[in-house]
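In: here are the coordinates; sequence isn't available:
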């Protein structure tokens, strides 16, 4: 801007808040700007500088055409897409550090974007089924009907927004980006959605279900706004296809939406749920030691060293697939594990009556995979035929027939030839299953 010709505009813009370039421009750009500005105006031309590190090859060598180690952005975009490349660069190193760029590592961040995609798809599917809209079920009117896990997620979101904004203000883009990824993958997908599934699968239109939808919509909307600077294309697509679908009055674009401000944080609830997931992690490790898969129900588990177990006992029973959580020392011959000061132990092997329930769960899992492979909608009902020589599998199918019908959306489950079906290995037994749309 020419200060002599437009002094009013010059006065508003100068000195500049922020300039950035690579470390190779220290003398040629940053110093020359500083020197000429001081000579001309008597003051520095910028308030803050971000000196970026160099992009090196995966071995830490400088890229050059002669070495043949140059990575072309166009090739990366065509192979992976622009958003994964951006996300990889943002998370790999601090902006001021040199970055060893390994093209093969870009695919690692794609899994995180797939998780975001699947969470939005999950929300879209069940919100559509239950007729949710942000206008009909506004968060402020339904929050009092929310459960503890819903309020916990809001607290986690508010902490994330607060820390994300602070990191961005300090140019710590790597910390902000990793914080965003961790919230999406851990808090939202691995924890909250896992807890939410039991509520949305029920066809009962309970108030807490719509409160959960209101919370989830609010959280996803804010996640997309925070992520818009990091992955602008996928966030814009999900804004148009998801947010605008359930909230017609939302901004025209995610890039035009108001930036979120952090709300209140219930520190007590955050502590309780942190302990819950610590206990669940210890329980999962104990299962792993005992060779008992998570989808196999167990009669009881003991928890020791936890302060809040009575508050989340029911949730831990659900997450850990345990009939009863007890507080106290481990009985003799139980198998245990510890994490973060919390000890959990469980019986070393399955009990017979629970084994049949475990086999029924295995059948459900296979049938759900087959439903997905057939491209069936959640609302589609099916008929199932099972063929096996295993008396245990037969008994499981007969004993838990109502459970199988409910969980697989089936109108009929029968034992027969299962001609033309798919063969599975279930607990070492060969089982052939056929499903057909009812």
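Out: Perfect, thanks for sending it. Because the structure is a prediction, the values reported are computed rather than measured.
In: Okay, now the unreliable bits of the stretch 151-300 of the chain?
Out: Segments of the stretch 151-300 of the chain classed as low confidence (criterion: pLDDT under 70) are 202-203.
In: Do a quick rundown of the strands in the stretch 201-350 of the chain.
Out: 298-304, 322-327, 335-339, 342-346 (DSSP state E, counting those that start in this stretch).
In: of all those, which gets the most neighbours per residue?
Out: Ranked by mean neighbour count, the strands of the stretch 201-350 of the chain are led by strand 342-346 with a mean of 24 (mean count of other CB atoms under 10 Å). In short, each C-beta sits where N, CA and C put it, glycine included.
In: quick one, that one and strand 335-339 angle?
Out: Between the axes of strand 342-346 and strand 335-339, defined by axes from the mean of the first three to the mean of the last three CA atoms, to 10 degrees, the angle is 160 degrees.
In: The nearest residue in space to residue 335 that is not next to it in sequence: neighbouring residues, count only.
Out: Among residues not flanking residue 335 along the chain, residue 290 sits closest, at 4.5 Å (CB to CB, 6 or more residues apart in numbering). Under the neighbour criterion other CB atoms under 10 Å, residue 290 is assigned a count of 20.
In: is it true that residue 102 touches residue 56?
Out: No. Assessed by CB atoms under 8 Å, residue 102 is found out of contact with residue 56, at 10.1 Å.
In: helix, strand or coil for the residue most central in space within the chain?
Out: For the chain, the residue lying nearest the average C-alpha position, counting by CA atoms, centre = their mean, turns out to be residue 185 (2.7 Å). At residue 185 the chain is in helix, as set by DSSP: H, G, I helix; E, B strand; the rest coil.
In: you'd agree it is up against residue 115?
Out: Yes. When contacts are counted by CB under 8 Å, residue 185 is listed as touching residue 115 (5.4 Å).
In: which ones are touching residue 295?
Out: Taking CB atoms under 8 Å, 6 or more residues apart in numbering as the contact definition, residue 295 lies against 321, 358, 361, 362, 365.
In: Pop out the phi and psi values for the first one.
Out: With angles defined as degrees, to the nearest 10, residue 321 sits at phi 60, psi 50.
In: Go ahead and name everything in contact with stretch 38-48.
Out: Stretch 38-48 is touched from outside by 3, 14, 15, 16, 17, 18, 19, 33, 34, 36, 37, with contacts defined as CB under 8 Å, 6+ apart.
In: Name the residues of it that come out as buried.
Out: Of the residues in stretch 38-48, those buried by neighbour count under the rule 16 or more other CB atoms under 10 Å are 45, 46.
In: For burial, what's the neighbour tally of residue 180?
Out: As a burial measure, the neighbour count of residue 180 was computed by other CB under 10 Å and equals 25.
In: Would you state the helices of the stretch 151-300 of the chain in chain order?
Out: According to DSSP state H, counting those that start in this stretch, the stretch 151-300 of the chain carries its helices in the segments 173-182, 194-201, 207-227, 232-238, 244-246, 267-290.
In: got a list of what the closest residue to residue 80 other than its chain neighbours touches?
Out: In space, and not counting its chain neighbours, residue 80 is closest to residue 106: 4.9 Å by CB to CB, 6+ apart. Residue 106 makes contact with 76, 80, 84, 85, 88 under the criterion CB under 8 Å, 6+ apart.
In: Mind putting those into a markdown table with distance to residue 282, neighbour count and pLDDT?
Out: Conversion of those to a markdown table gives the following (distance: CB to CB, whole Å; neighbours: other CB atoms under 10 Å; pLDDT from 0 to 100):
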| residue | distance to residue 282 | neighbour count | pLDDT |
| --- | --- | --- | --- |
| 76 | 41 | 17 | 85 |
| 80 | 37 | 17 | 89 |
| 84 | 34 | 22 | 94 |
| 85 | 38 | 20 | 91 |
| 88 | 33 | 22 | 90 |
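In: which helices and strands sit right next to the lengthiest strand in the chain?
Out: The residue-count maximum for a strand in the chain (DSSP state E) belongs to strand 429-437. Under the contact criterion of 3 or more CB pairs under 8 Å, 6 or more residues apart in numbering; DSSP states H and E, the helices and strands touching strand 429-437 comprise helix 352-373, strand 382-388, helix 391-399, strand 422-426.
In: which of the contacts of stretch 38-48 has the most neighbours?
Out: Sorting the contacts of stretch 38-48 by how many neighbours each has (other CB under 10 Å) puts residue 33 first, at 19 neighbours.
In: about what we covered before: element containing the residue nearest to residue 80?
Out: Using DSSP states H and E, the secondary-structure element containing residue 106 is helix 106-129.
In: chain center to that helix: distance?
Out: When distances are taken as CA atoms, centre = their mean, to the nearest Å, helix 106-129 is centred 8 Å away from the chain's centroid.
In: Following the chain onward from that helix, which element is next?
Out: Moving toward the C-terminus from helix 106-129, the next element (DSSP H and E) is helix 139-142.
In: list the buried ones in that following helix?
Out: Residues of helix 139-142 classed as buried by neighbour count (16+ other CB under 10 Å): 139, 142.
In: Does anything pack onto that helix? Which helices or strands?
Out: Partner elements for helix 139-142 (3+ CB pairs under 8 Å, 6+ apart): helix 207-227.
In: Give the buried residues for the helix it packs on.
Out: Judged by neighbour count (16+ other CB under 10 Å), helix 207-227 contains these buried residues: 209-227.
In: which residues touch the residue lying closest to residue 399 once chain neighbours are set aside?
Out: Closest residue to residue 399 apart from its sequence neighbours, by CB to CB, 6+ apart: residue 356 at 5.4 Å. Applying CB under 8 Å, 6+ apart, we find residue 356 in contact with 392, 395, 396, 399, 400.
In: what does residue 92 give?
Out: The contact partners of residue 92, by CB under 8 Å, 6+ apart, come to 99, 100, 101, 105, 174.
In: how near is it to residue 217?
Out: 32 Å (CB to CB, to the nearest Å).
In: rewinding a little: could you write me a PyMOL select line covering just the buried ones among the contacts of residue 356?
Out: Applied in PyMOL, the following selects the buried portion of the contacts of residue 356 according to 16+ other CB under 10 Å:
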select buried, resi 392+396+400
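In: Quick one: the contacts of residue 356 as CSV, columns for distance to residue 245 and pLDDT too.
Out: Putting the contacts of residue 356 into CSV (distance: CB to CB, whole Å; pLDDT from 0 to 100) gives the following:
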residue, distance to residue 245, pLDDT
392, 46, 90
395, 46, 92
396, 41, 93
399, 42, 92
400, 37, 94
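In: Redo the contacts of residue 356 as TSV? Include distance to residue 260.
Out: As requested, the contacts of residue 356 are exported to TSV (distance: CB to CB, whole Å):
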residue	distance to residue 260
392	53
395	53
396	48
399	50
400	45
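In: quick one on the thing from earlier: pull the contacting residues for the residue nearest to residue 335.
Out: By CB under 8 Å, 6+ apart, the contact set of residue 290 is 335, 346, 347, 348, 349.
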